[in-house]
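**Q** fold the following.
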Amino acid sequence: MSNQIALTTEYIKGLTPIEVLEDKAIGEHFVNKFMAVYRTSKDQAVAYYEREIDNFTKRVNESEDLAACTPMSLFVALMQVGGWKLSFEGGSQSEVYLIPGNRKVVIEGKEVWIKEAVAQPSPYGEKKIRVETRQIRHVGNPTVVYECDQYSESVKDGRTMVDWTKGKRDETSRIVGGFILLEYPDGSKEFKTYDMNDVASWEKASEKKNKGKANALYGWGWVGSGASSVYKKIEGSQIDKKFFEGKILKHAFKLFPRVIANQTLPENFVPSPEVSVREGFDMSEFTEDVTHEDLTQNEQDDFDQALKEAESESQPQTVTVSENVDDDEPTF
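**A** From the prediction side, this is the model:
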């Protein structure tokens with residue numbers, strides 16, 4: 001006899017944030033959806049879920065802000081990351097931004113603020129998606145160039161090439177640019193290069209988006225003390241190296257088709273500034289003038305459908321998860 005649990009919006013809202021990470025019905029729903037989208041065996045889907053729920057749980061437990069977010073927002077984040085086939089594992093090259101914040105909603109005619117978590121692919125997650133979907137064969141590591149390095153650019157067959165040798169650096173070394181190698185499906189290669197004019201443009205976009213206060217990783221901070229303190233660009237500062245590497249990676253793909261149909265923040269969502277800075281997340285990434293080619297409807301695949309289904313989890317619908325579900329016929 002099967003033991004069925006109706007996985008509804010109300011059911012999820014009735015859980016605590018930690019219970020979302022431990023709930024068996026949610027786990028089975030995730031596994032079934034993953035099997036359906038990626039045509040994997042149940043063993044593979046379960047292994048992916050168990051690994052990523054551990055990574056997800058670790059990040060939530062390490063952050064009081066994430067642990068205070070609504071169960072539904074954590075559930076949606078889990079389903080989205082599964083749809084992207086990325087990892088919640090943290091670190092300097094994390095594939096996913098997991099950002100807590102506040103969102104203004106209307107409940108019974110009154111505006112209230114609720115705490116929610118939002119998952120977004122990092123530049124490293126975007127790189128993984130593009131390689132796995134064969135948009136590109138290989139992406140080199142983003143490299144930051146300092147004034148003490150030996151660096152030159154040339155053009156071969158219409159493509160930019162780079163000759164670079166790392167110099168002897170110290171704490172006073174200044175960043176002057178960066179580059180990254182792209183190898184296309186046909187085997188051709190080229191470098192994408194960026195200088196301080198590019199950095200200034202990104203910084204300006206960040207400043208504009210954040211009401212005159214650019215991301216601190218551009219070298220901004222509070223100057224002065226007490227009521228007289230001012231948030232501004234710190235004299236002698238420069239862009240953070242790891243942050244610059246992520247920016248190089250993100251902008252290297254600006255002429256590629258989008259890998260995610262709608263990579264925007266939820267309406268009225270205000271990310272936690274402290275967490276955003278620590279993770280290298282910059283709201284201007286979602287407003288900068290980064291041009292992408294749009295895919296036609298015929299080019300949309302199961303990946304895009306998975307994202308739409310994940311987003312629809314916030315709608316009041318019932319999904320039945322059965323303990324004895326047939327492995328070959330996943331339940332949606």
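**Q** what about stretch 211-222, how long is it end to end?
**A** One end of stretch 211-222 to the other measures 15 Å (CA to CA, to the nearest Å).
**Q** state the mean pLDDT of that stretch.
**A** Stretch 211-222 carries an average pLDDT of 91.
**Q** how about stretch 129-141?
**A** Across stretch 129-141, the average pLDDT comes to 93.
**Q** likewise stretch 227-237?
**A** Stretch 227-237 comes out at a mean pLDDT of 92.
**Q** same deal with stretch 94-112?
**A** Here the average pLDDT along stretch 94-112 is 89.
**Q** which of the residues in it are buried?
**A** 94-101, 103 (16 or more other CB atoms under 10 Å). From N, CA and C alone the C-beta is placed, and that goes for glycine too.
**Q** farthest pair in those residues?
**A** Using CB to CB, the buried residues of stretch 94-112 span at most 23.7 Å, a distance reached by 95 and 103.
**Q** any idea how far residue 78 lies from residue 60?
**A** Using CB to CB, to the nearest Å, residue 78 is found at 10 Å from residue 60.
**Q** who touches both of these two?
**A** Shared contacts of residue 78 and residue 60 (CB atoms under 8 Å, 6 or more residues apart in numbering): residue 21.
**Q** re the thing from before, tell me which of the buried residues of stretch 94-112 fall in strands.
**A** If you go by DSSP state E, the buried residues of stretch 94-112 have 96-101, 103 in strands.
**Q** ok, so of the residues you listed, who is nearest residue 259?
**A** The nearest member of those to residue 259, counting by CB to CB, is residue 96 at 13.5 Å.
**Q** if we can go back for a sec, mind putting the buried residues of stretch 94-112 into a markdown table with distance to residue 143?
**A** Converted to a markdown table, these look like this (distance: CB to CB, whole Å):
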| residue | distance to residue 143 |
| --- | --- |
| 94 | 19 |
| 95 | 20 |
| 96 | 23 |
| 97 | 22 |
| 98 | 27 |
| 99 | 27 |
| 100 | 32 |
| 101 | 32 |
| 103 | 37 |
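**Q** quickly name whichever of the residues you listed is closest to residue 213.
**A** Among these, residue 101 lies closest to residue 213 (CB to CB), at 16.0 Å.
**Q** count the neighbours of the nearest residue in space to that closest one that is not next to it in sequence for me.
**A** The shortest distance from residue 101 to any non-neighbouring residue, by CB to CB, 6 or more residues apart in numbering, is to residue 271 (4.1 Å). Residue 271 is flanked by 22 other residues according to other CB atoms under 10 Å.
**Q** residue 271 contacts residue 117, correct?
**A** No - in this structure, residue 271 is not within contact of residue 117 by CB atoms under 8 Å, at 10.1 Å.
**Q** for the two, list the residues in contact with both.
**A** In contact with both residue 271 and residue 117: 99-101, using CB under 8 Å, 6+ apart.
**Q** quick one: which of the buried residues of stretch 94-112 is nearest to residue 130?
**A** Taking CB to CB as the measure, residue 130 lies nearest residue 95 of these, at 12.2 Å.
**Q** how about the contacts made by that closest one?
**A** Going by CB under 8 Å, 6+ apart, residue 95 touches 86-87, 89, 121-122, 124-125, 128.
**Q** of all the residues you listed, which two lie farthest apart?
**A** Most distant of the contacts of residue 95, by CB to CB, are 89 and 121, 13.5 Å apart.
**Q** okay, the two: which has more neighbours?
**A** Each of residue 89 and residue 121 has its neighbours counted (other CB under 10 Å); residue 121 has more, 22 against 16.
**Q** quick check: bridge partners of that one?
**A** Legend: beta-bridge partners of residue 121 under DSSP bridges are residue 96.
**Q** that one reaches residue 98, doesn't it?
**A** No - applying CB under 8 Å, one finds residue 121 not in contact with residue 98, separated by 11.0 Å.
**Q** quote the end-to-end distance of stretch 139-159.
**A** End-to-end distance of stretch 139-159: 16 Å, with CA to CA as the criterion.
**Q** got it, and stretch 30-48?
**A** Start-to-end span of stretch 30-48 (CA to CA) is 10 Å.
**Q** same deal with stretch 234-245?
**A** By CA to CA, the extent of stretch 234-245 from end to end equals 21 Å.
**Q** just the ones in helices from the contacts of residue 95, please.
**A** Judged by DSSP state H, helices contain the following of these: 124-125, 128.
**Q** for those, pick the one with the most neighbours.
**A** In terms of neighbour count, residue 125 stands highest of those at 23 neighbours, by other CB under 10 Å.
**Q** so who does it touch?
**A** 84, 86, 94-96.
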